[in-house]
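>>> Here is my input, please return the structure:
(one chain, ligands or ions: 2)
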Amino acid sequence: MGHIVVLPGDGIGPEIVAQAVRVLDVVNARFGLGLTHSEALIGGAAIDATGDPLPETTLTQAKAADAVLLGAVGGPAWDGLPMSQRPEKGLLRIRAGMELFANFRPAILYPELAHASTLKPEVVSGLDILIVRELIGGIYFGEPRGIEGAPGQRVGFNTDRYSEPEIERIGRIAFDAARARGGRLCSVDKANVLEVTVLWREVMTRLAADYPDVTLSHMYVDNAAMQLVRAPKQFDVVVTGNLFGDILSDAAAMLTGSIGMLPSASLNSAKQGLYEPCHGSAPDIAGTDTANPLATILSVAMMLMHTFNHREAATAIETAVQHVLATGFRTRDIATAAVDERIVGCQAMGDAVVTSLEGQ
Ligand code: IPM
Ligand code: MG
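Ligands and ions are numbered 1, 2, ... in the order given. Here you go, the predicted model:
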C-alpha cells in the first residue's frame with residue numbers, strides 16, 4: 001500500500017517518467033504492491049499553468065504521499081525569469097518543503113558500459129560508490145543572500161552555513177550507509193579554507209566514535225574531484241555538503257558511462273522520499289524520443305527499496321536493466337561502436353525493460 005505523486009516536469013522529464021511509470025505499474029501488479037499514483041505539476045510546466053514553479057497543491061499532495069517520482073525541471077523558455085521564479089526553485093522548494101535532507105547518489109558501473117565511459121575501462125570497471133549529499137542546507141539555502149548595490153557597483157553574495165545538528169543528521173545517515181556497504185566513509189570538505197567545513201569535519205570526527213566498524217577519512221574537495229577521475233574505486237561512501245555534493249555527483253556520474261544512468265533518492269527522517277534521475281531536463285533532445293529512461297527507471301527501484309522496503313521488487317527492476325544492457329540495448333548516450341549493440345529510443349528502451357521484467 002502507498003501513494004506516489006508523479007511530477008514529470010520539463011524537457012525530457014515527461015518522456016522518461018512515462019517509461020518509469022510503465023515499469024512501476026508492471027512490478028506493482030506482479031508483486032501485488034497496491035501502490036497508486038497521481039500526477040501533479042512542477043517546474044516550467046507549473047509556471048506555464050499557474051505562474052508558480054511549485055504550486056501549493058503540488059507540495060500538499062507530495063507531503064501527503066509516501067513517495068514522489070520526479071523527471072526533471074528547467075529549460076531555455078524560463079531562463080529569463082528572476083531567480084525566485086525559475087523552474088529550479090520548484091525543485092529546491094519541494095526538497096526543503098518535504099525536509100528531504102539526505103540525498104543518495106549511487107554511481108555503479110554496469111560491466112556492459114565499461115567502454116561507454118570516457119575513462120579507461122580498468123579505471124572504472126567494478127565501480128560502486130555512493131555519494132551522500134546534504135540536500136537542504138549549506139550555501140543553497142543559507143541567508144543572507146542576494147545581489148545588492150548601485151548599478152555597476154553591485155555585490156552578489158551567498159552564505160554557506162551548517163549547524164551541528166544538520167551535520168550530525170546527515171553524518172549518521174552516511175555512517176549507517178557505509179556500515180551496510182564496504183565500511184569506509186570519506187567526508188569531503190574544504191576545512192583548510194572554510195570555517196563551515198571546519199565544523200563539518202569536527203562533527204564527522206566526533207560521530208566516528210559511535211561507528212567503530214566504519215573507517216572514516218577526510219578529503220579536501222579539490223583533491224576529491226581529482227581522485228574521482230584518477231582512481232575512483234578508492235571510494236566506498238562519500239559524504240559531503242550540498243554544493244560539493246552537486247558537483248562531485250556529476251563527475252561521478254560520468255564515470256559510469258553517462259549521467260543518463262544515475263538514479264537518486266532524497267529522504268527525510270520519516271523515510272518519505274523523492275526519487276529522480278541525477279541528470280537535468282536536456283531541452284536539446286526533448287521530444288525526440290532519444291533520452292535514456294534508465295536513471296528514472298532505476299530511481300523507481302530505489303523508491304521500492306527505501307520507501308516501500310520491497311527489496312524483491314527493487315531487485316527485479318535492477319535485474320531487468322542489467323538484462324537489457326547485456327542484450328545490447330543502448331540509448332544514444334551509452335552507445336559505443338560495438339557491432340552487437342541495438343541503438344534504441346526512450347520508448348523502446350522502456351519496452352525492453354518491461355519485456356525483460358515480464359519474462360523473469
Ligand atoms: C541536481 C541539480 C539541481 C541541484 C538543480 C537543478 C537545482 O543540479 O539535482 O544535482 O543543483 O541540486
Ligand atoms: Mg546537479
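
>>> can we go C-alpha only for contacts and neighbour counts from here?
Will do.

>>> Enumerate the residues of the stretch 101-250 of the chain near ligand 1.
Asp246 (C-alpha under 6 Å from any ligand atom).

>>> dump the residue contacts of whichever residue of the stretch 101-250 of the chain sits closest to ligand 1.
Ligand 1 sits closest to Asp246 of the stretch 101-250 of the chain, with a gap of 4.8 Å, by C-alpha to the nearest ligand atom. Residues in contact with Asp246 (C-alpha atoms under 8 Å, 6 or more residues apart in numbering) are Arg133.

>>> can you rerun that using 7 Å?
Counting by C-alpha atoms under 7 Å, 6 or more residues apart in numbering, Asp246 touches no other residue.

>>> do the same with Trp200
Trp200 sits next to Ile167 when contact means C-alpha under 7 Å, 6+ apart.

>>> switch to 10 Å and redo it
161-164, 166-168, 171, 187-191, 194, 240-241 (C-alpha atoms under 10 Å, 6 or more residues apart in numbering).

>>> my read is Leu228 is in a strand, agree?
No: Leu228 is assigned helix when assessed by DSSP: H, G, I helix; E, B strand; the rest coil, not a strand.

>>> element containing the nearest residue to it once chain neighbours are set aside, please.
Nearest residue to Leu228, sequence neighbours excluded (C-alpha to C-alpha, 6 or more residues apart in numbering): Ala252, at 6.7 Å. Element membership for Ala252, per DSSP states H and E: helix 242-255.

>>> who are the neighbours in contact with the nearest residue to Gln322 once chain neighbours are set aside?
Spatial nearest neighbour of Gln322, excluding adjacent residues (C-alpha to C-alpha, 6+ apart): Tyr110 at 7.2 Å. Applying C-alpha under 10 Å, 6+ apart to Tyr110 gives the contacts 124-128, 256-257, 261, 321-322, 325-326.

>>> cool, and Val344?
289-292, 328-332, 335, 350, 352.

>>> Distance check, it against ligand 1.
As judged by C-alpha to the nearest ligand atom, to the nearest Å, Val344 and ligand 1 stand 26 Å apart.

>>> on that earlier part again, in the helix holding Ala252, what counts as buried?
By neighbour count on 16 or more other C-alpha atoms under 10 Å, the buried set for helix 242-255 is 242-246, 248-255.

>>> Then stretch 268-286?
Here stretch 268-286 shows 268, 272-283, 286 as buried, counting by 16+ other C-alpha under 10 Å.

>>> Show me the subset of those that also lies near ligand 1.
Cys278.

>>> What about the buried residues of stretch 268-286, which are in helices?
Assignment to helices by DSSP state H places none of these there.

>>> In TSV: the buried residues of stretch 268-286, plus pLDDT.
Formatted as TSV, these follow (pLDDT from 0 to 100):
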residue	pLDDT
Asn268	97
Gln272	96
Gly273	97
Leu274	98
Tyr275	98
Glu276	97
Pro277	95
Cys278	91
His279	91
Gly280	93
Ser281	97
Ala282	97
Pro283	97
Ala286	97
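
>>> Which of the buried residues of stretch 268-286 sits closest to Gly80?
Pro283 (15.2 Å; C-alpha to C-alpha).

>>> Double-check the closest one against Gly9; I have them as touching.
No: the pair Pro283 / Gly9 is not scored as a contact, 11.5 Å apart, by C-alpha atoms under 10 Å.

>>> sorry, back to before: and the helix holding Ala252, how far from the chain's centre?
Averaging C-alpha positions (C-alpha atoms, centre = their mean, to the nearest Å) puts helix 242-255 10 Å from its chain's average.

>>> Look up how far Arg184 lies from the residue of the stretch 101-250 of the chain closest to ligand 1.
Counting by C-alpha to C-alpha, to the nearest Å, the separation of Asp246 from Arg184 is 21 Å.

>>> How about Ile129?
Distance from Ile129 to Arg184, counting by C-alpha to C-alpha: 10 Å.

>>> can you give me the strands in the stretch 251-360 of the chain?
Assigned by DSSP state E, counting those that start in this stretch, the stretch 251-360 of the chain shows strands spanning 263-267, 273-277, 329-330, 342-343.

>>> Show me what the second one pairs with in its sheet, parallel or antiparallel.
Which is strand 273-277. strand 67-72 (parallel), strand 263-267 (antiparallel) (DSSP bridges).

>>> could these go into a markdown table alongside mean neighbour count, distance to ligand 1 and mean pLDDT?
Below are the strands paired with strand 273-277 laid out as a markdown table (neighbours: other C-alpha atoms under 10 Å; distance: least, C-alpha to the nearest ligand atom, whole Å; pLDDT from 0 to 100):
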| stretch | mean neighbour count | distance to ligand 1 | mean pLDDT |
| --- | --- | --- | --- |
| strand 67-72 | 28 | 8 | 98 |
| strand 263-267 | 27 | 9 | 97 |
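
>>> Next up, the contacts around the residue of the stretch 51-200 of the chain found nearest ligand 1.
Relative to ligand 1, the nearest point of the stretch 51-200 of the chain is Glu88 (4.7 Å; C-alpha to the nearest ligand atom). For Glu88, the contact set (C-alpha under 10 Å, 6+ apart) comprises 42-44, 53-54, 72-75, 78.

>>> Top of the residues you listed by number of neighbours, please.
With neighbours defined as other C-alpha atoms under 10 Å, the most crowded of the contacts of Glu88 is Ile42; it has 33 neighbours.

>>> Thanks a lot, see you next time.
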